[in-house]
Structures are given as C-alpha cells and as structure tokens.
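Peer 1: Could you look at this predicted model? Sequence included:
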Amino acid sequence: MRCAVAVSQPTSALLYRYEKRHSDGAPATFEVSVFLFAVERQLRKWPEKTERKTRWYDIGTASELVTPADLGEVLRHTARRLMVTPSRAGQLPDSVGEEHEGPGVPPMG
C-alpha cells in the first residue's frame, strides 16, 4: 500500500516487544521494528484513506499520546538519537513542533 512519498532507512532503527491481550483475554507478545523515514508528501488518494485519520505531531506530543505507553519511550529514545547523531543533523522535517490535521504534508499532484 502506498500512501506517501518518503525516504526510509534500509534497516530498522529500533526493535521492541510488548504484551497485549486478545479480545478473548489470551495474552500475546508482539515484536515491532521501528523504521525512521522523512515524509516528503502525502498522496491525495490512497486505498485506506476513508478508514484512517491522519494527524502529524511533533515527537514529544506523539510520545505522550501513543499506546502502549512503552511506545512513547521508544519515540523519546529515537528522538534523542536523532538529535545527538551528527550524521542526521538537518534531516528532521520543517514541521517538527507543529501539529497538523488532515493530510499533514503537501499532497502529491
């Protein structure tokens, strides 16, 4: 599925696990690979657009809103890595610190 034009790292930046209960109460462990990417623009139309709401947040706000709470720590850890790694300087999007509703980034023609 394609919903945006983005540049991604070829390998995951972070791996974490968390536990969750299924609707029947059975526990399950999930393993998540986190990939960093810079979004250039979001497409005007994409397959699941009517089923999803898109909101863009700065990483601090996002880390407070996500669930499970451990994912917030993953975001804060990733932000610290981005800020202190000289090779990544200047790679943060211009909209860091701004909250956007709707498409969040300029739509693709």
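Peer 2: Structure received.

Peer 1: doesn't R80 fall inside a strand?
Peer 2: No: R80: not assigned to a strand; according to DSSP: H, G, I helix; E, B strand; the rest coil it is helix.

Peer 1: how deep is it tucked in, by neighbour count?
Peer 2: For R80, the number of neighbouring residues by other C-beta atoms under 10 Å comes to 11. In this view, the C-beta of every residue, glycine as well, is placed from N, C-alpha and C.

Peer 1: S33 now?
Peer 2: By the measure other C-beta under 10 Å, the count of residues near S33 is 10.

Peer 1: Leaving out sequence neighbours, find the closest residue to it.
Peer 2: S12 (3.8 Å; C-beta to C-beta, 6 or more residues apart in numbering).

Peer 1: Cross-check the contact I'm expecting between that neighbour and F37.
Peer 2: No: using C-beta atoms under 8 Å, S12 is not in contact with F37, being 11.2 Å away.

Peer 1: just to revisit the earlier point, so who does the residue nearest to S33 touch?
Peer 2: S12 makes contact with S33, V34, F35, according to C-beta atoms under 8 Å, 6 or more residues apart in numbering.

Peer 1: where along the protein do the helices fall?
Peer 2: Applying DSSP state H to the chain gives helices spanning 59-65, 69-84.

Peer 1: would you turn these into CSV with mean pLDDT?
Peer 2: CSV is the format used below for the helices of the chain (pLDDT from 0 to 100):
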stretch, mean pLDDT
helix 59-65, 86
helix 69-84, 77
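
Peer 1: Format these as a markdown table; extra columns: distance to E19.
Peer 2: Shown next, in a markdown table, are these (distance: least, C-beta to C-beta, whole Å):
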| stretch | distance to E19 |
| --- | --- |
| helix 59-65 | 20 |
| helix 69-84 | 10 |
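
Peer 1: Out of those, which is closest to S23?
Peer 2: helix 69-84 (20.4 Å; C-beta to C-beta).

Peer 1: Quick check, pLDDT for the residue nearest to S33.
Peer 2: On the pLDDT scale, S12 is placed at 70.
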